[in-house]
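Visitor: Predicted coordinates and the sequence they were generated for:
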Amino acid sequence: MPPRLSPTVRQQRLGIELRKMRERVGVTPKTLAARLGTDLPKISQMENGKAGISAERLRIWARTCDRTHDDGYLDALLAMTQDRRKYWWDSYRGRLPGGIIDIAEMEHHAESLAILHTTFVPGLLQTEAYASAVFARLRPPLSPHDADTRTGFRIRRQHLFTERPKPYSAFIHESALRMQFGGPEVLRGQLRSVLENSERPGLEIRVIPFSVHTFPGSGESLYLARGPVPELDTVQIDLSNGPKFVHADAELRTYRRIKEETAGVALGPVESRDFIRALLKDFT
C-alpha cells in the first residue's frame, strides 16, 4: 500500500511508540528491517505513522526491542494496530483541519479526560449558541458554512457523554465563566448548561476563582487524555494555529503535575456549582 499522506495523531502516536521502543535499546532500523522482512523506507514510514504495522510484525518488533513483559503497554499498541473501523469523525475529513478531527479521536479512545481552560468554557460543555459565538471571534473570519461545520462538529463531540461515558474533569477559570461570547443571554444559557452537565455521573466541574492569585498552567489551556497505560497519555494544547498534541514523557510528567496542582487550588464540585449559581445572578 502507498504511504499515508496525512496520518492521524493516533497513527503518528503508534509510530512514535515504535521508535521509542527501538531507540531505548539501541536497535537499528536495519536490524528491524531484517527481522520484519522489509526495507528501511518501510521502517521509516512505520515510525512516522505513514504505514501501518500488523499485529504479527508488532510482536516481532517488541521481541527485538526486548519489550515483551506484560504491563498492558504491548496489548494497548496491538489494539491500535487492529482498529481499522470508520468512526463518525471520519466523515469530516477534508471538511475540517485534521487537528480538530484528531481531538474527537483522542477523546473517544481515552480512558479519562481532564481539561483546564482560562478563556472560555471547554468544547464538550458548550451550547450551540456559545460555540457559534466562539467561532465568530476567529481571525481571519470563517465563512458561514465553515463556522456552521465547526459548530456542528463540536456539538457532535458531546455525544461522548452518552455514547462512551468516562471520567471527565473540567477546571474552568472564573474569567472563562464571565466572558460574554454572544452576549449576556447566550452566557446565561451556557452557565445553566454547565450546571446541568455538572450533575452527570462521572463529570466533574471545578471552578478556579479570581481569589486564587496564581496557579500552574494559568497561561495556557491543556487537555489531558489518559491512555490505557501512563506511557500512552496524551496532552492537547490550544495554539493560535491549531491544536498541538504532546507525547514526550518529560512533558507528560509536567502536565500531569500541573493538573494535580490545579486540582489542589480549585473549588470542589459542590462549591463550584454554588459559585456558578451565584455568578448567574450577575447576568440576570
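Guide: Now that the structure is in, tell me what you want to look at. Numbering: from 1, shown residues only.

Visitor: State whether residue 20 is indeed within a helix.
Guide: Yes: with DSSP: H, G, I helix; E, B strand; the rest coil as the criterion, residue 20 is located in a helix.

Visitor: so what pLDDT did it get?
Guide: We have a pLDDT of 95 for residue 20.

Visitor: What count of nearby residues applies to it?
Guide: Other residues near residue 20 come to 16 when the count uses other C-beta atoms under 10 Å. For glycine as for every other residue, the C-beta is placed from the backbone atoms N, C-alpha and C.

Visitor: now stretch 226-246: mean pLDDT?
Guide: 93.

Visitor: typo on my end, it should be stretch 44-63
Guide: 95.

Visitor: First-to-last residue distance for that stretch?
Guide: Distance between the two ends of stretch 44-63: 19 Å, counting by C-alpha to C-alpha, to the nearest Å.

Visitor: Specify the beta-bridge partners of residue 236.
Guide: Taking DSSP bridges as the rule, residue 236 bridges to residue 223, residue 245.

Visitor: okay, now it: neighbour count?
Guide: Other residues within reach of residue 236 by the criterion other C-beta under 10 Å amount to 22.

Visitor: Next up, the contacts around it.
Guide: Residues in contact with residue 236 (C-beta atoms under 8 Å, 6 or more residues apart in numbering) are 103, 106, 222, 223, 225, 243, 244, 245, 246.

Visitor: Residue 106 versus that one, what's the distance?
Guide: The gap separating residue 236 from residue 106 is 6 Å, by C-beta to C-beta, to the nearest Å.

Visitor: For these two, list the residues in contact with both.
Guide: The contact sets of residue 236 and residue 106 overlap at 223, 225, 245 (C-beta under 8 Å, 6+ apart).

Visitor: With neighbour count added, can I get the contacts of residue 236 in a markdown table?
Guide: What follows is these, written out as a markdown table (neighbours: other C-beta atoms under 10 Å):
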| residue | neighbour count |
| --- | --- |
| 103 | 22 |
| 106 | 22 |
| 222 | 21 |
| 223 | 26 |
| 225 | 23 |
| 243 | 19 |
| 244 | 12 |
| 245 | 18 |
| 246 | 17 |
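
Visitor: Relative to residue 23, which of the shared contacts of residue 236 and residue 106 is nearest.
Guide: Using C-beta to C-beta, residue 245 comes nearest to residue 23 of the shared contacts of residue 236 and residue 106, at 19.7 Å.

Visitor: now the helices for this protein?
Guide: Secondary structure of the chain (DSSP state H): helices at 9-25, 29-36, 40-47, 55-64, 73-82, 98-109, 128-136, 144-157, 160-163, 174-178, 184-197, 249-265, 269-280.

Visitor: can you redo the ones you listed as a markdown table with distance to residue 211?
Guide: Below are the helices of the chain laid out as a markdown table (distance: least, C-beta to C-beta, whole Å):
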| stretch | distance to residue 211 |
| --- | --- |
| helix 9-25 | 37 |
| helix 29-36 | 55 |
| helix 40-47 | 48 |
| helix 55-64 | 50 |
| helix 73-82 | 41 |
| helix 98-109 | 31 |
| helix 128-136 | 25 |
| helix 144-157 | 31 |
| helix 160-163 | 30 |
| helix 174-178 | 9 |
| helix 184-197 | 19 |
| helix 249-265 | 10 |
| helix 269-280 | 10 |
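
Visitor: Among the ones you listed, which comes closest to residue 206?
Guide: helix 269-280 (5.4 Å).

Visitor: residues in contact with the nearest residue to residue 136 once chain neighbours are set aside?
Guide: The shortest distance from residue 136 to any non-neighbouring residue, by C-beta to C-beta, 6 or more residues apart in numbering, is to residue 147 (6.7 Å). Contact analysis of residue 147 by C-beta under 8 Å, 6+ apart lists 132, 135, 136.

Visitor: The same query, at a cut-off of 10 Å, please.
Guide: By C-beta atoms under 10 Å, 6 or more residues apart in numbering, the contact set of residue 147 is 131, 132, 134, 135, 136, 138, 141.

Visitor: State the number of residues packed around the nearest residue to the second one once chain neighbours are set aside.
Guide: Read that as residue 132. Leaving out its chain neighbours, the residue that sits closest to residue 132 by C-beta to C-beta, 6+ apart is residue 151, at 5.0 Å. Number of residues near residue 151 (other C-beta under 10 Å) recorded here: 21.

Visitor: Please apply the same query to the one 3 residues further on.
Guide: Residues within reach of residue 154, counting by other C-beta under 10 Å, total 21.

Visitor: again, but for residue 137
Guide: Residue 137: 12 surrounding residues under other C-beta under 10 Å.
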